[in-house]
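Asker: Structure for the following, please:
(chains A, B, C and D)
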Protein chains: 2
Amino acid sequence: MDPTTRMIAAAEHLFDRHGYTATGIDRLTEAAEMSSRTLYKRAGSKAQLMAQVLEARDRRFMAGIEVRSVDALFAALEAWMQAEGTRGCLFLRSRAETGGETPEIAEAVAAHKARFHRRIGEIVAADLGQEDSALTEQVLVLFEGATHAAVYRGAEAVTAARAAAGLLVEGVRA
Amino acid sequence: MDPTTRMIAAAEHLFDRHGYTATGIDRLTEAAEMSSRTLYKRAGSKAQLMAQVLEARDRRFMAGIEVRSVDALFAALEAWMQAEGTRGCLFLRSRAETGGETPEIAEAVAAHKARFHRRIGEIVAADLGQEDSALTEQVLVLFEGATHAAVYRGAEAVTAARAAAGLLVEGVRA
DNA sequence: CCACATGTAAACCGATCGTTTTACATTGCA
DNA sequence: TGCAATGTAAAACGATCGGTTTACATGTGG
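Answerer: Residues are numbered from 1 along each chain as shown, chains lettered A, B, ... in the order given. From the prediction side, this is the model:
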């Protein structure tokens, strides 16, 4: 396994479970099995490491929601949660934790959320046969809501979001 | 203004904007205009201070959603955001930031979310004339989704959630 | 007048922060 | 054989962390 890949994977795991600020360089180097000197050579800085983590996560997440219907979108969310757990959105969390004052992180989050919004629009369009910005916004809200409500409501939140989205799509189609 | 109230208000402001971990005791004492000795006498510890912040926020938030219809609930959310900004849910954020490993915080968050879920159920029941756990879950997801989507989508997220909730309520009523 | 509670500023505790540097080992290539 | 790259472990950087303590100022009530 490529050292850089290993470093990013280890960092994602720690940042996701213990938070960005609370995770120190020592724990990162230990988990990545490399010295701090090597980590800094590959990552640049802690903030840049987080940005690389977010970029990798964005690619994995977007690959997971390559679907053509709203229902499949929520099925994909369920699968994502099964594999990755329910700790909310790492992008929003890391942005909030740094108060939006860490440029590398703020930019990675903004880029991801823009891509995410665009993708939802494409899925809605594929499902309906035409674009619908209002329905897109509603599906996005349901997705974000399921992600965060699942932290304390569990899988039921995704089920509810999926059902609600189905009704809303049906309402527009009729 | 009561020193304890001033302390909690100052702490809420800092924690909300810069994160729990990133906010040091020095900045808290400065904002609260008291020595660290007094702060520790009143707060106990940083984690207990955060718990007190969350309890105060819970009271203010719950008072803000004392409504009897789903539509009024989202109107209240809009008002809350106008007054408090759109930085997501401080409860979920602080819990995630500490990895759920800080008991005072984890307990305050769990208590708030339980109250929140119960309240949504009451609002749905008042609106419909009877309880509906499925609709309750959907409204909760929409509320949580609007809260978090508004961070990057703005007020449009609340508008979408409100419209979606209206349609779902109408669907159940029919 | 004295005792007490309550506050302050500031030093101090050991630990950890992100980051750089030092000194040395290993490896592949000319 | 020897140089350059790449890695390591570990020390050191100044700063800051959460938390405690010391020494002193205040006002209040017996």
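
Asker: contacting residues for A:K113?
Answerer: A:F91, B:Y152 (C-beta atoms under 8 Å, 6 or more residues apart in numbering or on different chains). For the C-beta atoms, the positions are set from N, CA and C on the backbone; glycine is no exception.

Asker: so which helix or strand takes in it?
Answerer: Here A:K113 sits within helix A:103-128, counting by DSSP states H and E.

Asker: who's in contact with the residue nearest to A:T86 when sequence neighbours are not counted?
Answerer: Leaving aside its sequence neighbours, A:T86 sits nearest to A:A150 (C-beta to C-beta, 6 or more residues apart in numbering or on different chains; 4.3 Å). When contacts are counted by C-beta under 8 Å, 6+ apart, A:A150 touches A:M81, A:T86, A:A157, A:V158.

Asker: now with 10 Å?
Answerer: If you count contacts by C-beta atoms under 10 Å, 6 or more residues apart in numbering or on different chains, A:A150 has them with A:77-78, A:81, A:85-88, A:156-161, B:141, B:144.

Asker: Which SSE is immediately downstream of the helix holding A:K113?
Answerer: helix A:133-153.

Asker: Can you spell out which helices and strands pack onto the following helix or strand past that next one?
Answerer: Per DSSP H and E, the first helix or strand lying C-terminal to helix A:133-153 is helix A:155-173. When contacts are defined as 3 or more C-beta pairs under 10 Å, 6 or more residues apart in numbering or on different chains; DSSP states H and E, helix A:155-173 packs onto helix A:70-84, helix A:103-128, helix A:133-153, helix B:133-153, helix B:156-173.

Asker: Give me the pLDDT for the residue in chain A that chain B sits nearest to.
Answerer: Going by C-beta to the nearest C-beta, chain B is nearest to A:G145 of chain A, at 2.5 Å. You'll see A:G145 listed with a pLDDT of 98.

Asker: A:M1 too?
Answerer: 76.

Asker: I'd like the distance between it and DNA strand C.
Answerer: Distance, A:M1 to DNA strand C, using C-beta to the nearest atom of the strand, to the nearest Å: 17 Å.

Asker: And for A:Q48?
Answerer: Taking C-beta to the nearest atom of the strand, one finds A:Q48 at 8 Å from DNA strand C.

Asker: show me the contacts for the residue nearest to that residue when sequence neighbours are not counted.
Answerer: Counting by C-beta to C-beta, 6+ apart, A:Q48 lies nearest to A:E104, which is 5.4 Å off, once chain neighbours are set aside. A:E104 makes contact with A:G44, A:S45, A:K46, A:A47, A:Q48, A:L49, A:M50, A:A51, A:Q52, A:L54, A:T98, according to C-beta under 10 Å, 6+ apart.

Asker: Counting neighbours, what do you get for the third one?
Answerer: To tie it back to what came earlier, the one meant is A:K46. A:K46: 20 surrounding residues under other C-beta atoms under 10 Å in any protein chain shown.

Asker: sec struct for A:G99, please.
Answerer: coil (DSSP: H, G, I helix; E, B strand; the rest coil).

Asker: That one reaches B:T21, doesn't it?
Answerer: No: at 11.4 Å, A:G99 does not count as touching B:T21 under the criterion of C-beta atoms under 10 Å.

Asker: A:A11 reaches A:V53, doesn't it?
Answerer: Yes: if you go by C-beta under 10 Å, A:A11 and A:V53 touch, sitting 5.1 Å apart.

Asker: Pick out the residue nearest the middle of chain A.
Answerer: A:C89 (5.3 Å; C-alpha atoms, centre = their mean).

Asker: if I look at the spatially closest residue to that one that is not a sequence neighbour, how far off is B:H13?
Answerer: Spatially, and ignoring its direct neighbours in sequence, A:C89 is nearest to A:T147 (5.5 Å; C-beta to C-beta, 6+ apart). Per C-beta to C-beta, to the nearest Å, A:T147 is found 27 Å from B:H13.

Asker: what bits of chain A have low per-residue confidence?
Answerer: For chain A, no stretch has pLDDT under 70.

Asker: Tell me, how many residues neighbour the residue in it positioned nearest to DNA strand C?
Answerer: Nearest residue of chain A to DNA strand C, counting by C-beta to the nearest atom of the strand: A:G24, 2.4 Å away. For A:G24, the count of nearby residues is 12 (other C-beta under 10 Å).

Asker: Check A:D71 too.
Answerer: 15.

Asker: OK, contacts around it?
Answerer: A:I123, A:D127, A:R162, A:A163, A:A165, A:G166, A:V169.

Asker: Same check on A:A165?
Answerer: A:A165 neighbours (C-beta under 10 Å, 6+ apart): A:69-71, A:73-74, A:124, A:127, A:135, A:138-139, A:141-143, A:146, B:138, B:141, B:164.

Asker: What separation do you get for A:Q48 and B:A163?
Answerer: Where B:A163 is concerned, A:Q48 sits at a distance of 40 Å (C-beta to C-beta).

Asker: Out of those two, name the residue with the larger neighbour count.
Answerer: Neighbour count, other C-beta under 10 Å: between A:Q48 and B:A163, B:A163 has more, with 19 against 16.
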